[in-house]
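1. Have a look; sequence and predicted model below, questions after that.
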Amino acid sequence: MCQLLGMNCNVPTDVTFSFTGFAQRGGKTDHHSDGWGIAFFEDKGLRHFVDHLPAVDSPVAELIRRYPIKSRNVIAHIRKATQGVVSLQN
């Protein structure tokens, strides 16, 4: 199962604070440590990042925490594997 973070805003909004706390749940303050992902629109382009590592340890998540995301629409997840192997495909 996954935990989700979603934002839908009237104006482009900085998601760094919310994502930083959410990423901590991916292996540090919670047990959802089997991968994570985030997708958001930046201007008219879609950005999509995933990793099979725990969000708290992921260098990709660290990049996102430092990246000044300003978007009207953001969705992220942290995964706790209940079946199958931990991989990017999951």
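-> Arrived safely, thanks for sending. Numbering: from 1, shown residues only.
2. Can you give the contact residues for the helix or strand harbouring Phe49?
-> Using DSSP states H and E, Phe49 maps to strand 45-51. Strand 45-51 has contacts (Cβ atoms under 8 Å, 6 or more residues apart in numbering) with 35-41, 58, 60-61, 63-64, 88. Glycine gets a C-beta too; all of them are placed from N, C-alpha and C.
3. Show me which residues of that strand are buried.
-> Of all the residues in strand 45-51, those buried under the rule 16 or more other Cβ atoms under 10 Å are Phe49, Val50, Asp51.
4. Report the mean confidence score over that strand.
-> For strand 45-51, mean pLDDT rounds to 95.
5. and the helix or strand just after that strand with strand 45-51, angle?
-> Tracing the chain C-terminally past strand 45-51 and defining elements by DSSP H and E, one meets helix 59-66 next. Per axes from the mean of the first three to the mean of the last three Cα atoms, to 10 degrees, the angle that helix 59-66 makes with strand 45-51 is 140 degrees.
6. circling back: pairing partners for the strand holding Phe49, with directions?
-> Strand partners for strand 45-51, identified by DSSP bridges, are recorded as strand 36-42 (antiparallel).
7. And the partner strand, how far out from the chain middle?
-> When distances are taken as Cα atoms, centre = their mean, to the nearest Å, strand 36-42 is centred 7 Å away from the chain's centroid.
8. ok, now which ones touch Gly27?
-> Ser33, Pro54, Ala55, Val56, Asp57.
9. hang on, the earlier thing: what subset of the contacts of strand 45-51 is buried?
-> Using 16+ other Cβ under 10 Å as the burial test, the contacts of strand 45-51 include Gly35, Trp36, Gly37, Ile38, Phe40, Ser58, Val60, Ala61, Ile64 as buried.
10. Could you work out the most separated pair of those?
-> Gly35 and Phe40 (17.8 Å; Cβ to Cβ).
11. out of the contacts of Gly27, who has the most neighbours?
-> Highest neighbour count within the contacts of Gly27: Ala55, with 32 neighbours (other Cβ atoms under 10 Å).
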